[in-house]
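[1] got a sequence here, can you build the structure:
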Amino acid sequence: MDLDFKKLPQHIAIIMDGNGRWAKRRDLPRIEGHRRGVNAVDEIVTDCRELGVRYLTLYSFSMENWGRPRDEIEALMELLKEFLIGKREKMIKNEIRFETIGDIARLPDFIRREISITKEATASLNKMVLTLALSYSARDEIIRAVNALIKEKGSGRFKDDFISQERFASYLDTREMPDPDLLIRTSGEKRISNFLLWQTAYTELYFSDVLWPDFNREELRRILEVYQTRERRFGKTSEQVGEA
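    Model prediction:
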């Protein structure tokens with residue numbers, strides 16, 4: 001089956017899982033798995049750009065990951081810094097805008113500085129939006145949105161008391177992007193681990209057995225072929241979808 005480029009998902013979100021297990025199976029330190037995972041990120045970002053995917057969101061560092069050993073966290077931050085510096089020019093060349101979601105205020109100063117430089121350097125680009133979820137938790141995102149709504153409602157900003165789905169979504173970190181059409185999780189785990197809980201209400205889910213460092217463009221394109229066989233009804237019947 002060949003890909004139908006007219007039926008590609010507009011927004012792909014990926015839970016990149018399996019770096020540690022990849023390294024353990026090879027008697028390598030966990031950080032080597034993370035390092036190989038960065039190579040997979042580069043390959044998938046490049047392929048999504050070539051395919052014409054408009055939004056790619058990668059679950060890179062969860063809020064729960066702050067509980068990992070300090071040396072692993074420090075190594076991950078160094079890899080993130082290397083990625084931002086090393087891939088910045090490639091993002092610019094490929095007209096990719098860089099964004100983040102999550103509580104980035106918790107990240108080290110040197111990371112926030114590189115994030116700021118990369119966002120500024122790519123702010124005007126619009127061929128694709130690459131978003132890294134950093135220090136991210138969907139429950140935390142929702143609670144922050146609720147608190148912001150309560151605060152602004154108390155200040156009398158709203159002319160009515162009605163809080164619609166659209167108004168609530170405008171307070172989420174993802175307010176500038178559409179909901180994901182496809183969520184992929186690697187490594188064989190079958191859960192979404194506090195990632196984009198509000199935004200994935202009607203997202204197609206795919207769980208790949210491939211560990212993230214081994215994930216490549218061939219696996220991505222195989223998943224996209226599966227995605228294109230699915231019927232997205234959004235609560236309607238097949239007949240109604242066919243009439244649209």
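
[2] what segments of the chain are helices?
    Assigned by DSSP state H, the helices in the chain fall at 19-24, 30-51, 70-93, 109-122, 138-154, 165-169, 217-227, 238-243.

[3] list the buried ones in the longest one?
    In other words, helix 70-93. For helix 70-93, the buried set under the neighbour-count rule, 16 or more other CB atoms under 10 Å, comprises 75-81, 83-84, 87-88, 91-92. For every residue, glycine as well, the C-beta is placed using N, CA and C.

[4] and of the helices of the chain, who's closest to residue 196?
    helix 138-154 (5.8 Å; CB to CB).

[5] where's residue 120 relative to residue 114, distance?
    Look at residue 120 and residue 114: by CB to CB, to the nearest Å, they are 11 Å apart.

[6] got it, and residue 4?
    From residue 4 to residue 114 the distance is 38 Å (CB to CB).

[7] of the two, who's got more company?
    Ranked by neighbour count (other CB atoms under 10 Å), residue 4 and residue 114 place residue 114 first, with 19 against 10.

[8] and the more buried one, what does it touch?
    80, 81, 84, 85 (CB atoms under 8 Å, 6 or more residues apart in numbering).

[9] and which of the residues you listed is nearest residue 128?
    Closest to residue 128, out of all of these and judged by CB to CB, is residue 84, at 16.5 Å.

[10] pretty sure the closest one is touching residue 113, no?
    No. With contact defined as CB atoms under 8 Å, residue 84 does not reach residue 113; the gap is 9.4 Å.

[11] which residues are in contact with stretch 21-40?
    By CB under 8 Å, 6+ apart, stretch 21-40 touches 16, 18-20, 72, 75-76, 79, 82-83, 187, 211-216.

[12] okay, how far is it across that stretch, tip to tip?
    15 Å (CA to CA, to the nearest Å).

[13] got the buried residues for that stretch?
    Buried, per 16+ other CB under 10 Å, within stretch 21-40: 21-23, 30-38, 40.

[14] for the chain, which residue is closest to the average position?
    Among the residues of the chain, the one closest to the centroid is residue 57, at 2.2 Å (CA atoms, centre = their mean).
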